[in-house]
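> Could you look at this predicted model? Sequence included:
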Amino acid sequence: MMLRYALRTVRARKAGFLGAFVALMCAAALISACGALLDTGLRGAIRTERYAAAPVVVFADQSVHQTTVKHRHGKTKVKHKAKPIAERAWLSGQWEGRIARSPGVARVVPELSFLAQPLVPAGTGGRTAYGHAWDSAALTPYRLSAGRAPRAADELVVDADLAARARLRPGARLTVQSTSAPRSYRITGIATAGAAVRHQTSLFFSAAEARRLAAHPGQVTAFGVLPAAGTDPERVRQSVARALEGTTARVTAGDARGPLEFLDAAAARTRLVSMGAAMGGTSLLVAVLVVVGTFALTVQQRHRELALLRAVAATPGQIRRLLGREALIVGAVAGTAGALLGLPLGDWLYSRFVALGAVPATLERSVGVFPPLAALAATLLGAWAAARIASRRITRTRPAEALAEAATERARLAGGRIGAGLVCLTGGIVLVVLLTSLRTEAASTPVTLLAVVVLCVSVALLGPLLVRPAALLLAGPLRLTGHGGRLATANLRGNAARMASVVTPLTLLVGMTCTVLFVQTTLGEATHAQVREGIRADWVVTAQGPGVPGEAAERLRARQDTVTEVVRTTVRVGLDKYPAQGVTPAGLTRTWDPEVTAGSLDALGPGTVAVSRLAAHRQHVRPGSTLRLTLGDGTPATLTVAAVYERGLGFGDLTFAHDLVARHVDDPLSASLLVSTPRTEDRLAADLRAFPALRVSSPAAAQALGAVREQTNAEVNYLAMGLVSAFTAIAAVNTLAMSVAERIREFALLRLAGATRRQVLRMLRTESLSLLLLATVLGSGIALAVLTAFSVGMTGRAAPAVTPLLYVAVVAVAGLLAVGAGALPGRVALRVPAVTAAAAKE
């Protein structure tokens, strides 16, 4: 019976439920899209390419492990954790014999994989390129389609894809930038892959040249294992695993080969999971806040109808069930439509992340039923909860009081609402205080967004208490605008609850958008300031390709220049990850100043490390302390702390001697050279003419170039949270439109009392701008508090970087939305004759 009545109500009041439908549909689409990203991170396939013809592959363990043992109440609890390392871990070549003697193994193929970038004209490259020894071509397999295999150190075989793109053929010469100075090779053959290789370019060298370029004597990247004819690969995997038991090797087969071939794709899985969870969680919180406000407005519009039902003996339970079923009907339709719309939205998001380089194309997008089903379930639950919350007031009021309240808005807020608002306000303040103690971006970002949402929830709950004093403050200025201003003042004071429902999404729009935008500028400005103040070099040499070879630095040193080579990596101390760098110790203080606060950089060498103040505080070390860590490729190291410095945000948390880091990274080329010299830029460029793709620039120009590259990372964050801001904008417009659409009778009475259409529209404009002003103040205040706390935690200074023009643009967009969402429905409402509108509502 109640379901049939709910269906009839929804059918009869389609326009009234339209706002709730739009809010729920957008929420479902956003949650479905975020769920698709999360699903891709959890289940997205990473297919092997290079090892397609090797059913079993042996890799080194790519994780650092930590085991803790706790004794509590007479029980022993052992917990094991593992975190991935940043660089490729290598295997001992001596294990080849063990593997070859395993039952079922026909052949073991050692693999060397290393940086080898062909220097071809722009537009003919495009794929990541790796060098290999020709002996390992069988792992794909690659077979010669023209020419012969390389024999001499200056000979090379290229794959057919590169040959077609760069128009190469046997006999041509190709310059390759590998782990040392660029070298010209003569192409002796073209190789065609026997499997689909879509994401990498392969260059094959002679065995001796490959070992020289790999620069890991006695080690290999992997072993490809070819089983004997008729042998089950799984049995071979098990036998090889038994043979290598007790070593750091990891024996893989089937789908497990891909994640270890493409380490960046495996790392992107974790990034997508965290990004999808953060976006989805924030979207869900915003959706609940918006949908509750939308349903509250819908119930408020139907207050007289529901009061009449209470007056004719409808019980509170029946009213709750009626509203709940109406919400489930609207939620089911909106959730289904939004969940399906979220699938192409998720596909677009994934493609943008790939285009921006945040996710490698080797991680294939997963398409499953879970994200849309989860979005539908979340939408139904949110709609039902919103209806229950919105119905609390009408169901707790006596029938006679309900009829009386239907004529006028209740003057006092319920005590429970005020209490909940104060609790949310306190929670938001606690989160803001917590932000001041968080020192990493990964920890700060989710707390930052959560703080904004929680503080906006407090605004939603305490909104009427904020609107009334704001109306008093604005009363004087609004009177100067004429009759429209006086009418707007009366509405703001007399309909505070309805006006507060409009303020909430506008506050969320301004607060969330400003926070998302200026978190990046705050962090970026602090980083750039530290780099700008810390570079003492006269010139910076950077590369457009993989990096700057060491031979370039040696050539400049031969001219009596002071040169600091900088190579970057990521290390782990325990399981904690830190950005790190290796620098040339000789003459370091002439080119680089990280603002040392304890110890001295003069002691930096093969057995020492300099740490930032933040890292020193977290690891409880000072100059002279011992620090145990794991280098980028998984190699453990125990070093003595030589110095503690302040500028860790700009230069990384740990600094090593250059040669120590270069031996343990995939790309040993320097990210840059810091050069202190009296010579001019042109003279330096002339000395480096033999090294293609190197660029000499001033420190300021080099930093500007780096800022352009860092902008890509910022764009990823803008894209990720921009959808949440877009949803908030849609919700704000939706709420404004609903608020205006219900006032047809009010507009009719004003017109019958002598107000013109222009005066009514002017009143609407004045109301919208007044609410925008209040929302801007509240949203800006929330954003400023959160950004200041973020700045204190991340930079040590209460100095958020706010771009004035960008802030003005945010407020201007919010103003256009507010005015437009009020004016358009107002014009439609005013088209109805005043007498007809007044009679229809009676």
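That came through, no problem. Numbers count the residues shown, from 1 in each chain.

> What residues are recorded as beta-bridge partners of Phe59?
Arg250 (DSSP bridges).

> what's near enough to touch it?
Phe59 makes contact with 89, 91, 221-222, 249-250, 252, 260 under the criterion Cβ atoms under 8 Å, 6 or more residues apart in numbering. Every C-beta, even on glycine, is put in place using the N, C-alpha and C of the backbone.

> Tell me the one of the residues you listed nearest Ala829?
Leu260 (63.8 Å; Cβ to Cβ).

> Can you verify my assumption that the closest one contacts Asp61?
No - in this structure Leu260 lies outside contact range of Asp61 using Cβ atoms under 8 Å: 9.7 Å.

> Find residues that contact each of the two.
With Cβ under 8 Å, 6+ apart, Leu260 and Asp61 have common neighbours Arg250.

> follow-up on the earlier one: got a winner among the contacts of Phe59 for most neighbours?
Ala222 (28 neighbours; other Cβ atoms under 10 Å).

> phi, psi of it?
Main-chain dihedrals, Ala222, degrees, to the nearest 10: phi -160, psi 170.

> how near is it to Ile535?
Distance, Ala222 to Ile535, by Cβ to Cβ, to the nearest Å: 39 Å.

> Can you name the secondary structure element that comes next after the worst-scoring helix or strand of the chain on mean pLDDT?
Least confident helix or strand of the chain, by mean pLDDT, DSSP states H and E, is helix 399-407 with a mean of 53. Next along the chain after helix 399-407, taking DSSP states H and E as the criterion, comes helix 415-435.

> From the contact counts, what lies against the helix or strand that comes right after that next one?
Downstream of helix 415-435, the first helix or strand assigned by DSSP H and E is helix 441-479. Secondary-structure packing of helix 441-479 (3 or more Cβ pairs under 8 Å, 6 or more residues apart in numbering; DSSP states H and E): helix 263-301, helix 415-435, helix 483-494, helix 496-534, helix 757-795.

> which one of the ones you listed has the lowest average pLDDT?
Note on those: helix 483-494 shows the lowest mean pLDDT, a mean of 67.

> quick revisit: could you dump the helices and strands packed on helix 441-479 into JSON lines with mean neighbour count and distance to Arg321 added?
Converted to JSON lines, those look like this (neighbours: other Cβ atoms under 10 Å; distance: least, Cβ to Cβ, whole Å):
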{"stretch": "helix 263-301", "mean neighbour count": "22", "distance to Arg321": "14"}
{"stretch": "helix 415-435", "mean neighbour count": "16", "distance to Arg321": "21"}
{"stretch": "helix 483-494", "mean neighbour count": "19", "distance to Arg321": "32"}
{"stretch": "helix 496-534", "mean neighbour count": "23", "distance to Arg321": "24"}
{"stretch": "helix 757-795", "mean neighbour count": "22", "distance to Arg321": "34"}
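
> got the contact list for Glu715?
With Cβ under 8 Å, 6+ apart, Glu715 has these contacts: Leu356.

> what about it, helix or strand, and which?
helix 699-741.

> For that helix, the averaged confidence score.
On average, helix 699-741 scores 71.

> likewise stretch 327-336?
Averaged across stretch 327-336, the pLDDT comes to 88.

> go on, stretch 672-679?
On average, stretch 672-679 scores 93.

> Can you give me the buried ones in that stretch?
Residues of stretch 672-679 classed as buried: 672-677, 679 (neighbour count, 16 or more other Cβ atoms under 10 Å).

> ok, now stretch 201-217?
Residues of stretch 201-217 classed as buried by neighbour count (16+ other Cβ under 10 Å): 201-206, 209-214, 216.

> now stretch 463-479
Quick answer for stretch 463-479 (16+ other Cβ under 10 Å): 463-468, 470-471, 474-475, 478.

> Make JSON lines out of the contacts of Phe59 and add distance to Pro446.
Shown next, in JSON lines, are the contacts of Phe59 (distance: Cβ to Cβ, whole Å):
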{"residue": "Ala89", "distance to Pro446": "30"}
{"residue": "Leu91", "distance to Pro446": "38"}
{"residue": "Thr221", "distance to Pro446": "36"}
{"residue": "Ala222", "distance to Pro446": "37"}
{"residue": "Ala249", "distance to Pro446": "37"}
{"residue": "Arg250", "distance to Pro446": "32"}
{"residue": "Thr252", "distance to Pro446": "33"}
{"residue": "Leu260", "distance to Pro446": "29"}
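
> Among the residues you listed, find me the one that's closest to Leu156.
Thr221 (18.8 Å).

> How about the closest one: what's its closest non-neighbour residue?
In this structure, Thr221 finds its nearest non-sequential neighbour in Ser113, 4.2 Å apart by Cβ to Cβ, 6 or more residues apart in numbering.

> List the residues that contact that neighbour.
Each residue near Ser113 by Cβ under 8 Å, 6+ apart is listed here: 50, 88, 130-132, 214, 221-222.

> Show me where the stretch 601-750 of the chain has its strands.
Counting by DSSP state E, counting those that start in this stretch, the stretch 601-750 of the chain has strands at residues 608-612, 626-630, 636-645, 654-657, 672-676, 694-697.

> Quick check: buried residues in the third one?
Applying a neighbour-count criterion of 16+ other Cβ under 10 Å, one finds 637, 639-645 buried in strand 636-645.

> For that strand, C-alpha coordinates in CSV please.
C-alpha atoms of strand 636-645 as CSV (Å, rounded to 0.1, in the frame of the first residue of the first chain):
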residue,chain,number,x,y,z
PRO,A,636,70.9,-2.8,2.3
ALA,A,637,73.4,-0.1,3.5
THR,A,638,74.5,1.1,6.9
LEU,A,639,75.8,4.7,6.8
THR,A,640,76.9,7.3,9.2
VAL,A,641,75.0,10.6,9.3
ALA,A,642,77.3,13.4,8.3
ALA,A,643,74.9,16.4,8.3
VAL,A,644,71.4,17.5,8.9
TYR,A,645,69.9,20.1,6.5
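
> How about residues contacting it?
By Cβ under 8 Å, 6+ apart, strand 636-645 touches 594-601, 603-605, 607-613, 616, 621-631, 651, 655-656, 660.

> Thank you, goodbye.
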